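Student: Any chance you can model this:
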Amino acid sequence: MAVPAAQSPVKLMALQLLLWHSAFWTVHEATPLGPASSLPQSFLLKCLEQARKIQSDGTALQERLCATFKLCHPEELVLLGHSLGIPRAPLGSCTSQALQLTGCLRQLHGGLFLYQGLLQALGGISPELATALDGLRLDVADFATTVWHQMEDLGVAPTLQPTQSALPTFASAFQRRAGGVLVASHLQSFLELAHRVLRYLAQP
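Tutor: So this is what the prediction gives:
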């Protein structure tokens, strides 16, 4: 009967080791790591400036959607977002333990291209927001162009420019406004991660 009692500390130690190992890799997956960047400093600084501007404009759009339509909590619209087919852009190649510079640039460009299309699909959301929405879309397109030109300079750009996949359609004004909240929220999350990666790469 003494055997289970003797095994208990061993099991506890194993559990603690498993939890530590899990936490260790979670931190590593969330932290952009890799060799020193070979990207031009001018490119990285321009990207950081563009990302900050889009984040600021995106925040302003979210605030106006909240004030105008009382849609203030993206987390309450997640299920609707799934049913509408609103995707999120990945940046896995930018946050893995071994940072893949080429893959990161391609994912960054692909994500910006996706959000450019999503913002275009939101056209007609509201006359009051049309100018802000169009300005945000153009800023995202400019950022995507900056990244694409850098990929061309490095010789890693795909042969053909990407094409937009099927974009969500909105059957009602409410769906379009809710879609606007979700797209703005997803774009902000995407840019927060991109900004961290770019800032890391810009370090001397």
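Student: Give me the residues contacting stretch 180-198.
Tutor: 32, 44, 47-48, 51-52, 54-55, 58-59, 61-62, 65, 71, 74, 77-78, 80-81, 86, 88-89, 91, 94-95, 99, 104, 108, 111, 115, 118-119, 122, 125, 129, 133, 140 (CB atoms under 8 Å, 6 or more residues apart in numbering). No exception for glycine: its C-beta is placed from N, CA and C like everyone else's.
Student: One more: stretch 139-154?
Tutor: Counting by CB under 8 Å, 6+ apart, 39-40, 43, 46-47, 50-51, 53-54, 57, 102, 105-106, 108-109, 112-113, 115-116, 119, 157, 161, 187 sit against stretch 139-154.
Student: Write the PyMOL selection for whichever of these are buried.
Tutor: Entered in PyMOL, the line below selects the buried ones among those, by 16 or more other CB atoms under 10 Å:
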select buried, resi 39+43+46+47+50+51+54+57+105+106+108+109+112+113+115+116+119+157+187
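Student: Keep only those of the contacts of stretch 139-154 that are in strands.
Tutor: For the contacts of stretch 139-154, membership in strands holds for none, with DSSP state E as the criterion.
Student: show me what contacts residue 67?
Tutor: Residues near residue 67 by CB under 8 Å, 6+ apart: none.
Student: for it, helix, strand, or coil?
Tutor: Secondary structure for residue 67, judged by DSSP: H, G, I helix; E, B strand; the rest coil, is helix.
Student: Which positions in the helix or strand containing residue 150 come out as buried?
Tutor: According to DSSP states H and E, residue 150 maps onto helix 130-154. By neighbour count on 16+ other CB under 10 Å, the buried set for helix 130-154 is 132-133, 135-137, 139-141, 143-144, 146-148, 150-151.
Student: from those, which is closest to residue 178?
Tutor: residue 133 (14.5 Å; CB to CB).
Student: Wait, the closest one touches residue 61, no?
Tutor: Yes - look at residue 133 against residue 61 with CB atoms under 8 Å: they come within range, at 6.8 Å.
Student: Now do the helices for the protein: every range, in order, please.
Tutor: With helices called from DSSP state H, the chain shows them at 2-30, 41-69, 78-84, 92-95, 101-121, 130-154, 173-201.
Student: what's the shortest one packed up against?
Tutor: Spelled out, that is helix 92-95. helix 101-121, helix 173-201 (3 or more CB pairs under 8 Å, 6 or more residues apart in numbering; DSSP states H and E).
Student: Quickly note the distance from the closest residue to residue 157 other than its chain neighbours to residue 122.
Tutor: Leaving aside its chain neighbours, residue 157 sits nearest to residue 151 (3.9 Å; criterion: CB to CB, 6 or more residues apart in numbering). From residue 151 across to residue 122, the span is 27 Å (CB to CB, to the nearest Å).
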